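> starting from these lines, generate the structure:
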Amino acid sequence: MTKTILGLSGSLRRASFNAGLLRAATELVPKGARIEIGSIRDVPLYDGDLEKSSGLPPAVQLLQSHLQAADGVLLVTPEYNNGIPGVFKNAIDWMSRGPGLQMWAGKPVAVIGASPGGFGTIMAQNHWLPVLRTLKATVWAEGRLMVSRAGDLFDADGNLTDTASRDRLAEFMGGFANTL
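Numbers count the residues shown, from 1 in each chain. Next up, the predicted model:
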């Protein structure tokens with residue numbers, strides 16, 4: 001039986017390093033697993049009044065349906081000002097509303113990321129930990145992947161071209177997929 005991983009990139013730029021890292025992960029996930037790429041692009045800013053008057057927005061409902069069907073989640077996070085990108089945190093906050101909180105409980109989650117800086121996304125990845133604990137997700141901590149100096153490893157379209165990074169990503173995805 002094929003295991004499904006919901007993959008989310010925390011960047012809205014189509015040619016972002018993190019969207020490219022997620023696309024590469026879809027190519028390198030081992031046999032017996034597949035990644036369903038979700039999009040946070042149409043998720044509005046969280047507004048309790050909007051939720052009360054209209055319920056969950058369609059983009060959130062779609063993400064929740066992907067979350068419900070997934071065996072695990074791969075968060076591919078940029079790092080903005082040493083932390084979690086607001087647009088990504090906002091999408092996860094929306095996804096936890098209504099029935100979403102129960103969908104996160106016990107769900108295996110892995111976090112990776114790419115950055116043009118020398119430290120990868122170490123701060124953003126660490127900042128996700130209390131969020132994922134609050135959601136009662138099961139954080140997969142047996143592997144860690146931070147792609148540093150991404151400007152040298154991706155092409156102009158945001159595709160991961162560096163062989164060593166692709167090998168590390170394949171190993172990471174193999175480890176995560178094997179836990180599902």
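
> tally of neighbours for the residue lying closest to L50 once chain neighbours are set aside?
Distances taken as C-beta to C-beta, 6 or more residues apart in numbering place P44 nearest to L50, at 6.9 Å, with adjacent residues excluded. (Glycine included, C-beta is placed from N, CA and C.) Each residue near P44 was counted by other C-beta atoms under 10 Å, and the total is 13.

> quick one: P44 from T134, how far?
Per C-beta to C-beta, to the nearest Å, P44 is found 22 Å from T134.

> for R166, which residues are in contact?
A24, L28, L160 (C-beta atoms under 8 Å, 6 or more residues apart in numbering).

> using the three-state scheme, assign it.
Per DSSP: H, G, I helix; E, B strand; the rest coil, the local secondary structure of R166 is helix.

> in contact with the residue nearest to L50, which residues?
If you count contacts by C-beta under 8 Å, 6+ apart, then P44 has L50, P57, A59, W94 around it.

> and G98, what does it touch?
G55, L56, Q64.

> now the strands: where do they sit in the chain?
3-9, 33-38, 72-76, 108-114, 138-139, 145-147 (DSSP state E).

> distance from the second one to the middle of the chain?
If I follow you right, that is strand 33-38. Put simply, strand 33-38 sits 11 Å off its chain's centre (C-alpha atoms, centre = their mean, to the nearest Å).
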